[in-house]
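Colleague: predicted structure and sequence below. I'll ask about it afterward.
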Amino acid sequence: AAALLDAATRLLPPSESSGELRRISVLLFEVLDDFTGVAAAAFLEEQSAWAAGVSAARLDLVTKIIAADPIEPAHAEQVLGYPLGGHHVALIAWSGPHSNHDLRTVVDPVLRHWGTPTASLVIPVGLQAIWAWGAITPDPTRALTSSLPDFGDTFVVAGQLGSGMDGFRRSHLEARAVERLVRLRVGHPPTTTAHERIGLEVLLLADPEAAVQFASRLLGPLAGDDPRMADLRSTLSLYLDMDHSLAKVASAEHISKNTVTYRVQKALTLCTPPDGSTTDLRAALRIYEWLRDAPIAQW
């Protein structure tokens, strides 16, 4: 470039050199821009191919861990860039239809519910979903009732805190089980759901169609979709969960104890708990509340 500019200065008349030098400079910059664009595109393409290769290798490896295939821990940690010892929590996140949320940004805030994250592993599984794990230093003072963060139009589910490679695997399977339940509730707003909050529902709904049949048989007319039946179910559920305390239920629902008594008795006349047992009835009510609006349920 310098030799070209020097030649133009030397060979052209002074009256023409200034304009010609400007034209040569513009051409040189255009060539440089073209070269830079091609080089940048090639770099990004190579980088994307490398990232896709890394993600594919990591997904293949975690799939083997989840399947309990024999894995060399040291090699696995090297490929994943993630420690497999210690405590883990597995997450699954996916976008709602109108979400533009970066799914990677939900991982750390959710992990902090269990303690201090020291490392994380995030693997894309499709265009709008990720699997993630966090290495956690557990917080022994945390309350199980503390709220989990929500992220607008993004669904997040979490497994239980687990230890070692088996905990890595089991926590993910628990998150998958919660995901299956959340996806049954078509139309419900996105939220963050932890296995530790709905472990009983996960067991009760392992076979959703059988669960619907079980709950429908027990609840009978009490499964009706109208405000009166909803009030009876709500009062009965609280009554069973609060050790049959009329006073506690009345306080929780802001109604009188006489109203509680009436609703409970009325609800019990509508359903058919076996031999007066409340265990099956409580299970049926939990199933109903989870699958109330699910497409598979025909109450």
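Modeller: Thanks, I have it. Numbering: from 1, shown residues only.
Colleague: identify the residues contacting the residue most central in space within the chain.
Modeller: Residue closest to the mean C-alpha point of the chain, counted by C-alpha atoms, centre = their mean, is residue 156 at 2.1 Å. For residue 156, the set of contacting residues under the criterion of C-beta atoms under 8 Å, 6 or more residues apart in numbering consists of 91-93, 106, 110, 148, 191-193. C-beta: built from backbone N, CA, C; applies to glycine.
Colleague: residue 127: which of those is nearest?
Modeller: Among the contacts of residue 156, residue 93 lies closest to residue 127 (C-beta to C-beta), at 12.9 Å.
Colleague: just confirm the closest one contacts residue 132, I think it does.
Modeller: Yes. The pair formed by residue 93 and residue 132 meets the contact definition of C-beta atoms under 8 Å, at 6.9 Å.
Colleague: list residues touching both of the two?
Modeller: The overlap between the contact sets of residue 93 and residue 132 (C-beta under 8 Å, 6+ apart) consists of residue 107.
Colleague: more neighbours: the two, which one.
Modeller: In this view residue 93 and residue 132 are compared by other C-beta atoms under 10 Å, and residue 93 has more residues nearby, 27 against 24.
Colleague: so the more buried one bridges to which residues?
Modeller: The bridge-partner assignment for residue 93, based on DSSP bridges, gives residue 130, residue 156.
Colleague: pLDDT weak spots in the chain?
Modeller: Segments of the chain classed as low confidence (criterion: pLDDT under 70) are 1-12, 14-22, 37-53, 143-144, 276, 299.
Colleague: all strands of it, in order?
Modeller: With DSSP state E as the criterion, the chain has strands at 87-95, 115-124, 129-138, 154-158, 162-163, 192-194.
Colleague: tell me which of these lies nearest to residue 215.
Modeller: With distances scored as C-beta to C-beta, the stretch of these nearest to residue 215 is strand 192-194 (20.3 Å).
Colleague: okay, now the sheet partners of the closest one, with direction.
Modeller: Paired strands of strand 192-194, with direction, are strand 154-158 (parallel) (DSSP bridges).
Colleague: ok now the strand it pairs with, how far from the chain's centre?
Modeller: The chain centroid and the centroid of strand 154-158 are separated by 2 Å under C-alpha atoms, centre = their mean, to the nearest Å.
Colleague: over to stretch 243-251?
Modeller: For stretch 243-251, the distance from its own C-alpha centre to the chain's C-alpha centre is 35 Å (C-alpha atoms, centre = their mean).
Colleague: give the buried residues for that stretch.
Modeller: Of the residues in stretch 243-251, those scored as buried under the neighbour-count criterion (16 or more other C-beta atoms under 10 Å) are 246, 249-250.
Colleague: closest to residue 176 among those residues?
Modeller: Among the buried residues of stretch 243-251, and counting by C-beta to C-beta, the member closest to residue 176 is residue 249, at 35.8 Å.
Colleague: picking up where we left off before, how about TSV for the strands of the chain, with distance to residue 75 added?
Modeller: Listed next are the strands of the chain as TSV, based on distance: least, C-beta to C-beta, whole Å:
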stretch	distance to residue 75
strand 87-95	18
strand 115-124	15
strand 129-138	17
strand 154-158	27
strand 162-163	20
strand 192-194	31
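Colleague: which of those sits closest to residue 200?
Modeller: Proximity of the strands of the chain to residue 200 was assessed by C-beta to C-beta; the nearest stretch is strand 192-194, lying at 13.1 Å.
Colleague: thinking again about what came up before, can you check which of the strands of the chain gets nearest to residue 229?
Modeller: Taking the strands of the chain one by one with C-beta to C-beta, strand 192-194 is closest: 25.9 Å.
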